[in-house]
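Peer 1: Pasted the sequence and its predicted model underneath.
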Amino acid sequence: MLPDTIRLKGFTRENRHEMIDYAAGSISNCSGWVTNHTMYSNKIIVINFEMEVKGVKELIHLLNSNGMTLFEDSLKIIADFPENLVEADKEKEIMGSINITFINDEPDIRIPVPPIPG
């Protein structure tokens, strides 16, 4: 049975700008598209995406390389994912997110919070 969403978590010591580009490019290369992202300082980014089910396994393999390491629960998605997809399911869209933690010695970037009206 196909999951409703996939939630991936990983970390890297690589340059955050290059890794963000790599993650977004990997999503695009696996029949997906980025729908939103949230940057939490220079330590964490969450990228939300949608993609066709046929690209999920390849995306996980791509994200678990090139300097990024996915956590065990993210890799477990591959083991739990159906091996043979029904032809109709390959084109089905699935929502997901990747949470990337950047391990670096840079000081935190302060992101101002806009004032709340009212």
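Peer 2: Okay, I see it.
Peer 1: For Asn99, list each beta-bridge partner.
Peer 2: Counting by DSSP bridges, Asn99 is bridged to Lys9, Val46.
Peer 1: Show the pLDDT at it.
Peer 2: You'll see Asn99 listed with a pLDDT of 97.
Peer 1: Next: Glu91.
Peer 2: 75.
Peer 1: dump the residue contacts of it.
Peer 2: 52-54 (Cβ atoms under 8 Å, 6 or more residues apart in numbering). Heads up, the C-betas are built off the backbone N, CA and C, glycines and all.
Peer 1: same thing with Ile44?
Peer 2: Applying Cβ under 8 Å, 6+ apart, one finds that Ile44 lies in contact with 99-102.
Peer 1: For it, give me the pLDDT.
Peer 2: 92.
Peer 1: which other helices and strands contact the helix or strand containing Thr69?
Peer 2: Secondary structure assignment for Thr69, by DSSP states H and E: strand 68-70. Counting contacts by 3 or more Cβ pairs under 8 Å, 6 or more residues apart in numbering; DSSP states H and E, strand 68-70 packs against strand 5-12, helix 16-29.
Peer 1: Give me the distance from it to the chain's centre.
Peer 2: A distance of 10 Å separates the centroid of the chain from that of strand 68-70, by Cα atoms, centre = their mean, to the nearest Å.
Peer 1: which of the contacts of Glu91 count as buried?
Peer 2: Neighbour-count burial (16 or more other Cβ atoms under 10 Å) applied to the contacts of Glu91 gives 53-54.
Peer 1: Is it possible to get a markdown table of the contacts of Glu91 that adds pLDDT and distance to Tyr40?
Peer 2: What follows is the contacts of Glu91, written out as a markdown table (pLDDT from 0 to 100; distance: Cβ to Cβ, whole Å):
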| residue | pLDDT | distance to Tyr40 |
| --- | --- | --- |
| Glu52 | 90 | 28 |
| Val53 | 88 | 29 |
| Lys54 | 87 | 31 |
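Peer 1: nearest to Pro112, of the contacts of Glu91?
Peer 2: Nearest to Pro112 out of the contacts of Glu91 is Glu52 (Cβ to Cβ; 37.8 Å).
Peer 1: show me the contacts for the nearest residue to the closest one once chain neighbours are set aside.
Peer 2: Spatial nearest neighbour of Glu52, excluding adjacent residues (Cβ to Cβ, 6 or more residues apart in numbering): Ser31 at 4.2 Å. Contacts for Ser31 (Cβ under 8 Å, 6+ apart) come out as 51-52, 54-55.
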